[in-house]
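In: Return a 3D structure for these sequence lines:
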Amino acid sequence: LKSGNGNETININQFGSIARVSSASSSPPPPPLPPSAPTVTTSAAINVATSTATLNGSANPNNTATTGWFRYSPTDPGTCNDTFGTRAPASGGTSLGDGTTAIPYSQGVSDLTSATTYYYCAIAQNSGGTGMGTIVSFVTSALQPPPPGGAQSVLPQFETGPAHHSGDNADHSAIWIHPTDPSLSTVIGDDKSGGMMVWNLDGTEIQYIDGTRRLNNVDLRYNFPLQGTFSDGTPHTRVALVAVGYENGNSIAFYKVNPVTRQLENAGEQVLSTSLPYGGCMYHSPVTGKYYYFVNWKSGVWQQVELSDAGAGNVQGTVVRTHDAGTQTEGCVTDDVHKLYYIGEENIGVWKYGAEPGDGTTRVQVDKTGTGGNLTADVEGMSLYYNSDGTGYLLVSSQGTSTVAVYTRDSSKTSINAYLGVFKVVANGIIDETTGSDGLDVTNFPLGSLFPQGLFVIHDASNSGGSASNHKLVLWENVAGALNLLIDMSWDPRQVGL
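Out: Sure thing, here's the model as predicted:
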């Protein structure tokens, strides 16, 4: 039966009981709430040094996809806004998801002025609007003079076996990190009078090949795209690629690291237009994903060579940039994150260029030899210590004093890296001190029980008691402790190129 209320039906059961059943449609759900802007908090900065710092903040996305960044300036803006000072990063930011709890994020900044107060705030944005934290300040450290008494002393842990040709022929080195067991990592070195050598982390040799090739300035990068097979028949599509100047071949020689044997296998060569290449280093572009080798000559000329798969397991190269640095060059290193290229003009100092092929020839002088500088000719090998926040250290071999100068790792092509101090690898028991230092390399990554907080390797020309030069292997914590440097083991160079 229908009641007088059109929205109600009356049911009478067999016992005469009455039940009323509503027939009205249910109410529509309320409309969704509009998205809310993220809730943002600015946290204290950490790792504050003379020219670098890590900014920290957190943001609650409030259930909407959110991106976070920072603004900083030496001028107090009063309140946070997205127009003052410098944006970090310059574009984009950290993806914070779309959850409902606060997500922490951070950003390393460099090129700061020493002994200066900086003001910064965290900012985050989603489709509901922009949220801003409060203004927080920090003060960069004052520049310190070189340590009292000159270079700080650092002890080596091991030394490699000697080069295979007598005299000073061990030259440069590159640290290869094993893909699954870092304790099985190796040090790769060249012999200027002929050959490539591979050592365990305790300095014992596991391979010597190509004794007639005069090789100089070895470097490596991971994940290079190369189709082929290793000597045991295992196929590969990407390899850890080693590149080295091949002087008497007038070319760049390429090797790949077999991760099972931990030994080098040939991967071809690229003949150069000018004979007797002298120095070089590798680069991976974070912009294009391409790989390069920077090769230089004693004349001061350097070239940037783009590397690619030539087929049949070999690598080829194409010159994409040429420049004349002025006088004799050799040691160099590139920054695969900040897109920078450092090269030593042996009697002059260290220069910094942009590392991308289109960056031209604009450069700044990081440091110089002689009066007013912190280097003593010859300027030789150099390497970069990476911190995961974008900071770190540039290490440069100062051969005239057998020491290593340390600078900040900067992100700008136009800034001058701040000088932090100098150290010397001294004798430790039966291991002699480093003299006539040439090539060097460093990694922040932990390499098992022998080097649990990273490894520094440096050439020793005289190798007292030996028939030929070699390399000293040093705990990074020994270096860091001597100059009050940071230890950051989170950056993994094996991820470059993935």
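In: only C-alpha atoms for contact and neighbour calcs from this point on.
Out: Fine.
In: tell me the phi and psi of the spatially most central residue of the chain?
Out: Most central in the chain under Cα atoms, centre = their mean is Y386, positioned 4.3 Å from the mean C-alpha point. The phi and psi values for Y386, taken as degrees, to the nearest 10, are phi -90, psi 130.
In: Could you tell me the per-residue confidence at it?
Out: With respect to pLDDT, Y386 scores 98.
In: P34 too?
Out: The predicted structure lists P34 with a pLDDT of 88.
In: neighbours around it, how many?
Out: P34 is flanked by 8 other residues according to other Cα atoms under 10 Å.
In: was I right about it contacting N126?
Out: No - when contacts are counted by Cα atoms under 8 Å, P34 is not listed as touching N126 (11.7 Å).
In: related to what we said a few turns ago, the residue nearest to the centre of the chain is in contact with G392, isn't it?
Out: Yes - shown here, Y386 and G392 form a contact pair, counting by Cα under 8 Å, at 4.9 Å.
In: overlap in contacts of the two?
Out: Here Y386 and G392 share the contacting residues R409, scored by Cα atoms under 8 Å, 6 or more residues apart in numbering.
In: picking up where we left off before, contact partners for the residue nearest to the centre of the chain?
Out: Y386 makes contacts with G392, Y393, R409, T443, N444, D488, W491, as judged by Cα under 8 Å, 6+ apart.
In: and with 10 Å instead?
Out: For Y386, the set of contacting residues under the criterion of Cα atoms under 10 Å, 6 or more residues apart in numbering consists of 335-337, 392-394, 409, 442-445, 487-493.
In: try A122
Out: Applying Cα under 10 Å, 6+ apart, one finds that A122 lies in contact with 40-43, 55-59, 68-72, 80-82, 88, 105-107, 131-136.
In: can you do 8 Å?
Out: The neighbourhood of A122, defined by Cα under 8 Å, 6+ apart, consists of 40-42, 56-58, 68-71, 132-134.
In: hmm, back to that, mind giving me the PyMOL select for the contacts of Y386, buried ones only?
Out: Here is the PyMOL command that selects the buried residues among the contacts of Y386 (16 or more other Cα atoms under 10 Å):
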select buried, resi 335+336+392+393+394+409+442+443+444+445+487+488+489+491+493
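In: just checking, which of the contacts of Y386 belong to strands?
Out: With strands defined by DSSP state E, the entries of those inside them are D335, G392, Y393, L394, V442, T443.
In: Next SSE downstream of the lengthiest strand in the chain?
Out: Secondary structure of the chain per DSSP E: the longest strand is strand 215-229. For strand 215-229, the following helix or strand on the C-terminal side (DSSP states H and E) is strand 235-246.
In: Now do the helix or strand just after that following strand and strand 235-246, the angle between them.
Out: From strand 235-246 onward toward the C-terminus, using DSSP H and E, the following helix or strand is strand 251-258. Relative orientation of strand 251-258 and strand 235-246, computed by axes from the mean of the first three to the mean of the last three Cα atoms, to 10 degrees: 140 degrees.
In: Which positions within the next helix or strand along the chain from strand 251-258 qualify as buried?
Out: Scanning forward in sequence from strand 251-258, with DSSP H and E defining helices and strands, the next element found is strand 263-271. Buried residues in strand 263-271, defined by neighbour count with 16+ other Cα under 10 Å: Q263, L264, E265, N266, A267, G268, E269, Q270.
In: What's the per-residue pLDDT of S23 here?
Out: What the model reports for S23 is a pLDDT of 50.
In: need the contact list for the spatially closest residue to P235 that is not a sequence neighbour.
Out: The shortest distance from P235 to any non-neighbouring residue, by Cα to Cα, 6 or more residues apart in numbering, is to T229 (4.0 Å). Contacts here follow Cα under 8 Å, 6+ apart; on that basis T229 touches P235, H236, G313.
In: for R221, same thing?
Out: With contacts defined as Cα under 8 Å, 6+ apart, the neighbours of R221 are A240, L241, V242, M282, Y283, H284, R494, V496.
In: Check G99 too.
Out: In this structure, G99 makes contact with N60, P61, N62, N63, T64, A65, judged by Cα under 8 Å, 6+ apart.
In: If we use 6 Å, what do you get?
Out: With contact taken as Cα atoms under 6 Å, 6 or more residues apart in numbering, G99 is in contact with P61, N63.
In: and the residue nearest to P235, how far is that from R262?
Out: Look at T229 and R262: by Cα to Cα, to the nearest Å, they are 15 Å apart.
In: how many neighbours does I430 have?
Out: For I430, the tally of surrounding residues (other Cα under 10 Å) stands at 10.
In: need the helix or strand of the chain with the lowest average pLDDT.
Out: Sorted by mean pLDDT, DSSP states H and E, the helices and strands of the chain end with strand 18-22, the least confident at a mean of 51.
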